[in-house]
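**Student:** Fold the following.
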Amino acid sequence: MKIFENIINHKVSNITAPELLKYSKQFKIALTNDEAEKLANHLHGKKINIFNPSERAQLVKDMAKITSPATAKEVNQLFNLFTS
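**Tutor:** A predicted model of the protein is given here:
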């Protein structure tokens, strides 16, 4: 399973704004173009382990500042689905 974690974490750290918008539509999460750009820039190159609860919590807090608490909550629920 570690390989899948590495692949997912790598994808998170290299995601682009268009990919974020595609996933937001797929999972019905409200996200504007500007928010997607800011999130992609924030995530770019960071070594974030979304399978680590404290790192994931910090990421969700950062997302709430960039987007909204409601959007961050929806993304956190999605992360919980992927990490369980």
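
**Student:** If you count neighbours, what's buried in the helix or strand bottoming out on mean pLDDT in the chain?
**Tutor:** Across the helices and strands of the chain, the lowest-confidence element by mean pLDDT, DSSP states H and E is helix 69-83, at a mean of 86. The neighbour-count check on helix 69-83 (16 or more other Cβ atoms under 10 Å) flags 71, 72, 74, 75, 76, 79 as buried. For every residue, glycine as well, the C-beta is placed using N, CA and C.

**Student:** List of residues touching it?
**Tutor:** With Cβ atoms under 8 Å, 6 or more residues apart in numbering as the contact definition, helix 69-83 has outside contacts at 8, 27, 29-31, 35, 50-51, 56, 60-61, 63-64.

**Student:** Tell me how far it lies from the chain's centre.
**Tutor:** How far helix 69-83 lies from its chain's middle: 8 Å, per Cα atoms, centre = their mean, to the nearest Å.

**Student:** CA atoms only: put it into CSV for me.
**Tutor:** This file holds the C-alpha atoms of helix 69-83, laid out as CSV (Å, rounded to 0.1, in the frame of the first residue of the first chain):
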residue,chain,number,x,y,z
PRO,A,69,-14.1,26.6,5.5
ALA,A,70,-17.0,24.8,3.8
THR,A,71,-14.8,23.9,0.8
ALA,A,72,-12.0,22.8,3.0
LYS,A,73,-14.4,20.6,4.9
GLU,A,74,-15.7,19.0,1.7
VAL,A,75,-12.1,18.3,0.6
ASN,A,76,-11.3,16.9,4.0
GLN,A,77,-14.2,14.4,3.7
LEU,A,78,-12.8,13.4,0.3
PHE,A,79,-9.3,12.9,1.8
ASN,A,80,-10.9,10.8,4.5
LEU,A,81,-12.4,8.5,1.9
PHE,A,82,-9.1,8.2,0.1
THR,A,83,-7.0,7.5,3.2
